[in-house]
Structure formats: C-alpha cells, structure tokens
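sequence? don't have it. structure:
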Ligand code: SUG
C-alpha cells in the first residue's frame, strides 16, 4: 500500500505585513504592537524556510497573500467615500480596525483550514473545512478569500471536498489545522501487515466551562471541532478530541500548535498542553497500535524542563517535524529556540534521545515570530495520494524556478519598511494591491481584488 505525500502549503507573507498588536491571547503580537515591520524581509524569510524544507525532501507548495487593505470590509463597517476617505475616517476613529483591514495575517495558513486526507474520510475524498476565524476581527476577514483560493487549487469535486466556514457564530469558532493532529504510519512501516494510508485524527479545542481560562478566550470550541469531524465523515473509532490546558492558553498558547506537534508515529507535547487527557491519550495510543501495528511514540516535555513561559517564548513546539527518505526525522525550529536556554537544552536532549528525530534545522523567521507566527503557523499540511497530487493546480507547486520568480517579485514590489503612518496612505494601498496581484499571477491564481 502506498503512503501519502504530505505537501506543506506555505503562506507567502503579504506586502502589508505589520505589527498591529491584534492577536488574541498572543503575547508576541501584543509586545511588538506599533513597531516598524519589514515586509520584504518577512517574505524572503518565509521563502528561505520553504527552500530549507524542500532541501530536506519535503514537498512544498505556496498559498498566496490576500488583497489588503480590504476596502469592502471598511465600507461594511460604515467607513464611506473613496478609498482615501475610508482610510482617513478609519484612521481617525479606530486605528485598530484600520490595522485589521490591512493585516497580512492570512500568511499563517495553519489557520486557513482543517484538512483530512481521503484515506480517513468515508467518501474517499480529501476534505478541507475553511476556518471561520471568528475570534478576532482581522482574522475573520480571511475565510472568503481562503475559500476561493482553495477552490481554485483543489478544483476537482470528485477528489476534493471544500467546506465553507462553519456557521453558528462564536459558539462554533474554529481556527483550523493549528488545533488538529494526525498520526499515521511512518513510511518505513507502510506496506507492513497493518499499515496503509489511514490515520488517527485528533482535534484539540479550548476546553469546557468546567476548566475555564482566566486570562484569554479560547479560540477553538469543542462544538466546532465536532462539526468539522462530522463534515469530513471521519470514522469515530479513529477520531479523538482533547481539551487544551487552560494554563497553556493563559500562558499565551493561543493555538495548540504552540505546545504540541506531531508527525507519523511521534507526538511531541508539553506536559501542560492538554487538560485531563491521560485517558484519551491512552485510547489514541491503543487505536494507533491497532491501525498501524507499532506503538505511538509519546514525547512529553515537563514543565520543569521547559516552563510554559519558555515554550511560548521559544516556540519549540511550533517546529515542523518531517520524515526523511531514510526514515529518520528532521525538526525545523525557529532561531528563538537557540536563544532560550531551557528550550535549547530540550532540543539537544530530544536529538540525543532514542527517537527518530536526529537532525535540527534552524530557521530565521523573526518578522513573523514577532507576530506570534512560527514555522508551523506558516504551513498547512495536505496529505495527498500521487494521483490526487497530480490534480492540484500546478501553479502553486514549489520548484526552484517558482522560488526564483517569487523572490524577484517580492524584491521588486515589497517595501523594505512599514510603520503605522503608511496605513493612511492610499498610494500605498494601490501599491500593495498591485504587489499581491503580481504574486497571484505568478501562482496562476485569480488576480482581482473583490469589489
Ligand atoms: O492569529 N498573529 C496570528 C498568529 C497565528 C499563529 N498561528 C498558529 N499558531 N498556527 C494570530 O494571533 C498578529 C497580527 C498583528 O498583531 O498585527 C496575528 O494575528
């Protein structure tokens, strides 16, 4: 039996990347509010990351930035007149809404959708549910364009099912794959007695009212996770639900991917990632053993070894684990891991211990990290069969040539620096729209901003 090809779709940073201080429960975003940003460097850092992963053998693809500022959204909020007038009014009345309209937050595509591969879904199609991102105004603008883009990329309805963002308002707030884990047979085990391309899916939500957070509103609800699992037609015996630990959310882990990650048979997580989880984790391990025929490798990092505060400061768990052709794994970590002593020690221990993770690649993503977006936030994993990969819109699939063209485009069209004052400038708005259109053209995607 064939294993699936896990394609990393990376969000390309948009030309309006700035520090608005808008991220709910996101300490880095709050800390860097109002600082000068560097959109060109930010996008190039993202492209460097893609290149490093591609060099490790990870199949890559690119998701485009959205058109910003979103003038239609400003109009819906009562800011009228021509573009310049709308920017001026919003700047005078609510700099936060103005910043939201300009936000490049669509780069963090781990929040674009939740993905279940065809092998897990009852109708044999790959299912993607667009996240509604209802927790914050700047992110709630994203779903419409995300849905349109995903429909362009995964066009064949016989192979791909794209679900619109969940209805239901705040009670069904959903932030996509950042709160979703999947365990599957490592490539070396595929073809063995048990294992095929099926996996175990785990949805992580913001908990129930019995263990409330004190500081920050959880961004993912249990009702939303249940709805996504239902829509995807997942098998109940291979689908599990865990609650985030309220202490983790309050410490700044606004998504589960700030305190846990997974790949194949490995679950790497912080001791305080999940609440009251022991029983469910044991059930997950048993289901995995039954499906794959080998044991799930649970690697728990204790609060003593890595206090939550350091996990959030370093983003160690926001790493990307990738399986190499030799069956071992590479962990792709942000450079901040090297700067936080406890996190660096944990990484060294992890590499030395008896597990498949034996190589670390350090990436520099400072611009995105200052807004709370690490390596894993910038990518959406889409496991595909070879056949289905051949049906994906080819314009977004990574190649050295595509990398070169995107680099040239970013260097030509993106500004080096941006401050809050630039968000009042209608000429910059036109420039940013043109830059986004240029990127989308290279990817062979729709190039018109919605009216
Ligand atoms: O939603 N930051 C994003 C970061 C998302 C990270 N994604 C994952 N963990 N998967 C957020 O908080 C900050 C924007 C600003 O402040 O300008 C922001 O939206």
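Received the coordinates, thanks. Treat the numbers as computed from the prediction; the structure is a model and nothing was measured. Numbers count the residues shown, from 1 in each chain.

give the contact list for the spatially most distant residue from the centre of the chain.
Centroid-distance maximum for the chain: residue 81 at 35.5 Å, with C-alpha atoms, centre = their mean. Contact analysis of residue 81 by C-beta atoms under 8 Å, 6 or more residues apart in numbering lists residue 89. In short, each C-beta sits where N, CA and C put it, glycine included.

Tell me the residue of the chain that sits nearest the ligand?
Using C-beta to the nearest ligand atom, the single residue of the chain nearest to the ligand is residue 23, 2.7 Å away.

what bits of the chain have low per-residue confidence?
The chain contains residues with pLDDT under 70 at 1-2, 188-196, 208-211, 451.

need the residues of it near the ligand, please.
Applying C-beta under 6 Å from any ligand atom, we find that the chain lies next to the ligand at 19-23, 26, 29, 103, 105, 108, 110-111, 139, 178, 254-255, 257-258, 371-373, 377.

mind running it again at 5 Å?
20, 22-23, 26, 29, 105, 108, 110, 178, 255, 257, 371-373, 377 (C-beta under 5 Å from any ligand atom).

Helix, strand, or coil at residue 78?
coil (DSSP: H, G, I helix; E, B strand; the rest coil).

Does the nearest residue to residue 103 once chain neighbours are set aside lie in a helix or a strand, and which?
Using C-beta to C-beta, 6 or more residues apart in numbering and skipping residues adjacent in sequence, the residue nearest residue 103 is residue 138, 3.9 Å away. Using DSSP states H and E, residue 138 sits in helix 137-140.

ok, residue 54 - contacts?
The contact partners of residue 54, taken as C-beta under 8 Å, 6+ apart, are 60, 398.

That one - that's part of a strand, no?
No: going by three-state DSSP, the assignment for residue 54 is helix, not a strand.

Now do it against residue 413, distance only.
Per C-beta to C-beta, to the nearest Å, residue 54 is found 23 Å from residue 413.

swap in residue 182?
Using C-beta to C-beta, residue 182 is found at 36 Å from residue 413.

Leaving out sequence neighbours, find the closest residue to residue 416.
That would be residue 40: by C-beta to C-beta, 6+ apart, it lies 5.3 Å from residue 416.

The residue nearest to residue 173 when sequence neighbours are not counted: what's it in contact with?
Using C-beta to C-beta, 6+ apart and skipping residues adjacent in sequence, the residue nearest residue 173 is residue 134, 4.2 Å away. Listed by C-beta under 8 Å, 6+ apart, the contact set of residue 134 reads 140, 169-170, 172-174.

one more time with 7 Å
Counting by C-beta atoms under 7 Å, 6 or more residues apart in numbering, residue 134 makes contact with 140, 169-170, 173.

what's the answer for residue 159, then?
Contact analysis of residue 159 by C-beta under 7 Å, 6+ apart lists 125-126, 388, 391.

same deal with residue 447?
Residue 447 sits next to 437, 440-441 when contact means C-beta under 7 Å, 6+ apart.

Residue 19 too?
With contact set as C-beta under 7 Å, 6+ apart, residue 19 has these partners: 32-35, 37, 370-371.

what about the strands in the stretch 51-200 of the chain?
60-63, 113-116, 126-130, 160-163, 180-184, 199-205 (DSSP state E, counting those that start in this stretch).

Pipe those strands into a markdown table and attach mean neighbour count per row.
Output for the strands of the stretch 51-200 of the chain, formatted as a markdown table (neighbours: other C-beta atoms under 10 Å):
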| stretch | mean neighbour count |
| --- | --- |
| strand 60-63 | 23 |
| strand 113-116 | 26 |
| strand 126-130 | 26 |
| strand 160-163 | 19 |
| strand 180-184 | 24 |
| strand 199-205 | 24 |
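
which one of these lies closest to residue 332?
The closest of those to residue 332 is strand 60-63. By C-beta to C-beta, the value is 12.0 Å.

From residue 112, how far off is residue 308?
26 Å.

between those two, who's got more neighbours?
Using other C-beta atoms under 10 Å, the more surrounded residue of residue 308 and residue 112 is residue 112, with 29 against 21.

There's contact between the more buried one and residue 380 in this structure, I believe.
Yes: judged on C-beta atoms under 7 Å, residue 112 makes contact with residue 380 at a distance of 5.5 Å.

Now do the shared contacts for those two.
Common contacts of residue 112 and residue 380 (C-beta under 7 Å, 6+ apart): residue 63.

residues touching the nearest residue to residue 183 once chain neighbours are set aside, list them.
Take residue 183 and drop its neighbours on the chain: the residue closest to it by C-beta to C-beta, 6+ apart is residue 200, 4.5 Å away. When the contact criterion is C-beta under 7 Å, 6+ apart, the partners of residue 200 are 182-183, 238, 284, 287-288, 291.

and these, which of them are in strands?
Taking DSSP state E as the definition of strands, those contribute 182-183.

Compare the contacts of residue 200 and tell me which has the most neighbours.
residue 183 (25 neighbours).

That one touches residue 263, doesn't it?
No: the pair residue 183 and residue 263 fails to qualify as a contact (C-beta under 7 Å) at a distance of 8.7 Å.

what's near enough to touch residue 264?
Contact partners of residue 264, counting by C-beta under 7 Å, 6+ apart, are 184, 186, 323.

do residue 329 as well
Per C-beta under 7 Å, 6+ apart, neighbours of residue 329: 263, 266, 321-323, 356-357.

that's a helix at residue 423, yeah?
Yes: under three-state DSSP, residue 423 sits within a helix.

switch to numbering from 17
Sure thing, new numbering starts at 17, so read that last one as residue 439.

Provide a list of residues in contact with it.
Residues in contact with residue 439 (C-beta under 7 Å, 6+ apart) are 107, 114-115, 118.

Kindly report the same for residue 332.
Residue 332 touches 322, 349, 353, 359, 362-363, counting by C-beta under 7 Å, 6+ apart.

So which residues of the stretch 17-166 of the chain form helices?
All helices of the stretch 17-166 of the chain, identified by DSSP state H, counting those that start in this stretch, fall at 43-47, 55-71, 87-92, 99-109, 111-118, 153-156, 158-169.

so which of the ones you listed comes closest to residue 311?
In terms of C-beta to C-beta, the element of the helices of the stretch 17-166 of the chain nearest to residue 311 is helix 55-71, at 27.3 Å.

roughly how far is the closest one from the heart of the chain?
Put simply, helix 55-71 sits 15 Å off its chain's centre (C-alpha atoms, centre = their mean, to the nearest Å).

Could I get the buried residue list for that helix?
Going by neighbour count (16 or more other C-beta atoms under 10 Å), the buried part of helix 55-71 is 55-63, 65-70.

try stretch 455-467
For stretch 455-467, the neighbour count (16+ other C-beta under 10 Å) marks 455-456, 458-459, 461-463, 465 as buried.

related to what we said a few turns ago, going by distance to residue 424, which of the contacts of residue 463 wins?
Distance ranking of the contacts of residue 463 against residue 424, using C-beta to C-beta, places residue 457 first at 12.6 Å.
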